[in-house]
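**Student:** sequence and predicted structure below; questions after.
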Amino acid sequence: MLTRSIIYTIPLAQLRWFILLAFPAAFVFAYQITGITESAYSLGAAMGACAWLLYRLDSMKPEVIAVWLVLLVFLAFYFLRYPVLLYDPATVVITHPPSISGIFLNDRTGLTEALNLASFVFVIFCITSGIQLRNGFAKSDSYNTILCHGNPKILFWLLVSVPLLMIALGYVAFIYRIGQMGVDPGEPLPFRLKGVIFYARHVLIPLLILAIICRATLASDRRLASVGLILLAMHGVSDAMLRGSRSSLLLCLLLVVFLVTSEGMKIRRKGLAIIGVLALCGILLMPTIIQYRFLRFDHDAGLLHLFFRALSLANQDFIGVLSKSFNDLYFRIPGIETAWAINYLVEEPLGRGLLETMRSQFGVTGYLNFEVYQVPVEAYTLFAPGFVGWLYLAGGWLGLTIGGIALSLLCVRMPRWFYGGPLRSPPVANTFFLWILFVSLTDGTLDGNFLLIAAGVTTLIVLQFIDRVMNFSAPA
């Protein structure tokens, strides 16, 4: 049976009641800034619903990590960001198009209305989840023996094939400029091969590496698990270099955290410290990646030369870089401010026109940018609507209601199916689900994740097929 990691030996569930302090803290800071009490009702309702959920949420089992994730995202990017934006709304001006900056600077009452929208969704989610959690959970240790005694050749072939895939797909992505930010993509390849290669690098390879780590962990082979972590780090670095993406390294770290909480990897105090250091390095490299991306616009030098040049330009002031990196990371993730802007600008939700909008080239996100924000069509960057903003733009209060209920059903039911169903690698499946959930809760591009989900589901089906056909399950 899989030994629980440090994440499960810390009494985090017993400390959960301290989360409730976030709501009165947000109200006190907001009251000191504005002297008004309009937020008391929304924050009070959210606090009560959160208390009901925490009463039912008395564990840190992998089946309920998705519920915890929703709780933390709403706290961080909606309720705690509310007093921050009351104090200094200019912090989100740079993360939104100039055409709507006046909303944040001149209409602070709209921020309280956005808080009402977020609280409404949160209350529905908490109540619905609390009702479902009364029925208990599937046992998370039921899958532990499935892979431990399987044929070790599957792990060997993964260790051989994944590095080769990384090299081959990375080379093709570099030659044909696939997924590179701020670079002309050039001529398309036949059969939409650019899209296939992009999602193979973005989804297939990380999930295969997670399968390596999971299988090695379940087989108690720390050495091979470490090899998997090295492969994941190499993939994150190469993706950041090839695409000029700020989030590549942080995504890999996030996947490791999700895998640990899904009981697919054991981690001890030393490993926890290493992950913390790597996360700090990833955050500090964000300004470097921005400089690196800009240098690629006007220079044809090698990638390493441009990267080290960007590193020297970005890190001349370490303290300033550190502060700016944390600030950019936090406010780069959409939250209550997108609901603020959408609620101010949109007179009527899409309603019956939602399906037609979703079928358009850029979907709901394109409608928000080109029709609502009035961003030029030729713009390189599209601004994400955020989870609450997307729901409100799509269906108004009805959309918020349906979205809160659907979110609760998915977060409670899907992990139960992973760990109580026929899947051979529940931790990998749950990690992918947490990844999609985090993207949906932050960016809120709910209609734009189809290909990402399709690539991940295809990868999981392939892993399941290989296990069944080649008989890698445990003997009866």
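**Tutor:** Looks like it arrived, so ask away. The structure displayed is predicted, hence computed values, not measured ones. Numbers count the residues shown, from 1 in each chain.
**Student:** CA only for contacts and neighbour counts going forward, please
**Tutor:** OK.
**Student:** low-confidence stretches in this structure?
**Tutor:** For the chain, applying pLDDT under 70 flags the ranges 1-13, 135-151, 182-186, 270-271, 274, 284, 290-291, 293-325, 380, 470-476.
**Student:** now do 50
**Tutor:** Low-confidence segments of the chain, defined by pLDDT under 50: 1-4, 6-9, 138-150, 472-476.
**Student:** nearest residue to V64 other than its sequence neighbours?
**Tutor:** Distances taken as CA to CA, 6 or more residues apart in numbering put V412 closest to V64, at 6.6 Å, once the chain neighbours are dropped.
**Student:** and the strand or helix carrying that neighbour, what does it pack against?
**Tutor:** In this structure, V412 sits in helix 387-420 according to DSSP states H and E. Contacts defined by 3 or more CA pairs under 8 Å, 6 or more residues apart in numbering; DSSP states H and E place helix 387-420 against helix 65-74, helix 109-133, helix 336-345, helix 426-442.
**Student:** and those helices as a markdown table, adding distance to F450 and mean neighbour count?
**Tutor:** Formatted as a markdown table, the helices and strands packed on helix 387-420 follow (distance: least, CA to CA, whole Å; neighbours: other CA atoms under 10 Å):
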| stretch | distance to F450 | mean neighbour count |
| --- | --- | --- |
| helix 65-74 | 20 | 20 |
| helix 109-133 | 23 | 22 |
| helix 336-345 | 22 | 23 |
| helix 426-442 | 10 | 22 |
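**Student:** now the ones you listed in CSV, with distance to P83?
**Tutor:** Output for the helices and strands packed on helix 387-420, formatted as CSV (distance: least, CA to CA, whole Å):
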stretch, distance to P83
helix 65-74, 14
helix 109-133, 10
helix 336-345, 11
helix 426-442, 19
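**Student:** those: which one's closest to I100?
**Tutor:** Across the helices and strands packed on helix 387-420, I100 has its closest neighbour in helix 336-345 (7.4 Å, CA to CA).
**Student:** show me the contact partners of that closest one.
**Tutor:** 77-79, 81-82, 92, 100, 103-104, 110-111, 113-115, 117-118, 372, 385-386, 388-389, 392-393 (CA atoms under 8 Å, 6 or more residues apart in numbering).
**Student:** now for the helices and strands packed on helix 387-420, which one comes closest to E263?
**Tutor:** Between the helices and strands packed on helix 387-420, helix 426-442 lies closest to E263; by CA to CA that is 6.2 Å.
**Student:** next, the angle from that closest one to helix 387-420.
**Tutor:** 170 degrees (axes from the mean of the first three to the mean of the last three CA atoms, to 10 degrees).
**Student:** after helix 426-442, next one along is what?
**Tutor:** Next along from helix 426-442, by DSSP H and E: helix 450-469.
**Student:** could I get the buried residue list for that next one?
**Tutor:** By neighbour count with 16 or more other CA atoms under 10 Å, helix 450-469 contains the buried residues L452, I453, A455, G456, V457, T459, L460, L463, Q464, D467.
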